[in-house]
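how would this look folded up:
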Amino acid sequence: MGTSSTRYERSREAGFQIDPTHSPIYFHSIENGTETPSTGSARAHISSAMEAVKICRTEAEQLQEKLQNEYFTRWNETCDVQDFNGIASSELDSLLHKISERFTINGENIYAKISGIRFAKEIDVNIFEFTFGEELSSGTIHFGMIAISKESASLEAVSCLYTLDFAVARVRVEKKRKKRILGINAGTDRRSWLEPKSLGFVTQRALINFCRTKALTEFQRRGIITNINDVPSIQDA
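From the prediction side, this is the model:
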């Protein structure tokens, strides 16, 4: 009569640890139009509007510490900023097309969302914020902000896109089944496979807060904004 025993062994897929405090790779393009750039009030409006976005730095740093103990097979951060100065207000639609080209994510273009922009007064600002992606095992998370300001016949705009592309190292599972016949070892069957592993300690909201914090910190470091709206909890963000 034969008997068998089965044992499972789990090990981590080869990966690497990250330093989540590192700044993302930074790209910055500037386009100047035919109009005389504003005296600074439009840029101040843009900065003020972007500074209204809320983050919780304390909780971002707590997540940062946890991420340092995780293993990844992919971790890439980029920050892409477009700067437009002195664009004629008659070229608003062209400006929106240029901005939305950078925000074509997973086949979704945001032009339809921002094409209805209207300015209510001589000096006005419109701000848009977008978040795409919510996977906690692998994938891409995008956090984007667009601020467009009008002063007289001149437009200024800043579009910022922070992207985190990551994959958590998977878990290798090995199944060993030992067979015995009449008490004699009759060999071992082995089978192994990889199972996805998620950031089980992370909520999607916490990860978005982390991305926002990284993005706004970089915008501040580059002089796009002056202050960051840091709140006590992500529940307030």
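
so which helix or strand takes in residue 140?
Assigned by DSSP states H and E, residue 140 belongs to strand 138-151.

packing partners of that strand?
helix 41-50, strand 123-132, strand 154-168, helix 204-221 (3 or more CB pairs under 8 Å, 6 or more residues apart in numbering; DSSP states H and E). For the C-beta atoms, the positions are set from N, CA and C on the backbone; glycine is no exception.

just want the angle from the last one to strand 138-151.
Going back to what we said before, that points to helix 204-221. Per axes from the mean of the first three to the mean of the last three CA atoms, to 10 degrees, the angle that helix 204-221 makes with strand 138-151 is 50 degrees.

next SSE after helix 204-221?
On the C-terminal side of helix 204-221, the closest following helix or strand by DSSP H and E is strand 229-230.

report all helices and strands that that next one contacts.
Under the contact rule (3+ CB pairs under 8 Å, 6+ apart), strand 229-230 is packed against strand 54-55.

go again using 10 Å as the cut-off
On a contact count with 3 or more CB pairs under 10 Å, 6 or more residues apart in numbering; DSSP states H and E, strand 229-230 meets strand 54-55, helix 57-67, helix 204-221.

for residue 98, which of those is the nearest?
helix 204-221 (19.6 Å; CB to CB).

how about the closest one: buried residues?
Across helix 204-221, burial judged by 16 or more other CB atoms under 10 Å covers 206-220.

which one among those gets closest to residue 87?
Of all those, residue 87 sits closest to residue 219, with 20.5 Å by CB to CB.

contacting residues around that closest one?
By CB atoms under 10 Å, 6 or more residues apart in numbering, residue 219 lies in contact with 47, 50-51, 53, 79, 81, 145, 158, 160, 162, 225-226, 228.

which pair in the residues you listed spans the largest distance?
Maximum pairwise distance among the contacts of residue 219 (CB to CB): 18.5 Å, between 162 and 226.

more neighbours, those two?
When neighbours are counted by other CB atoms under 10 Å, residue 162 and residue 226 differ, and residue 162 comes out ahead with 24 against 12.
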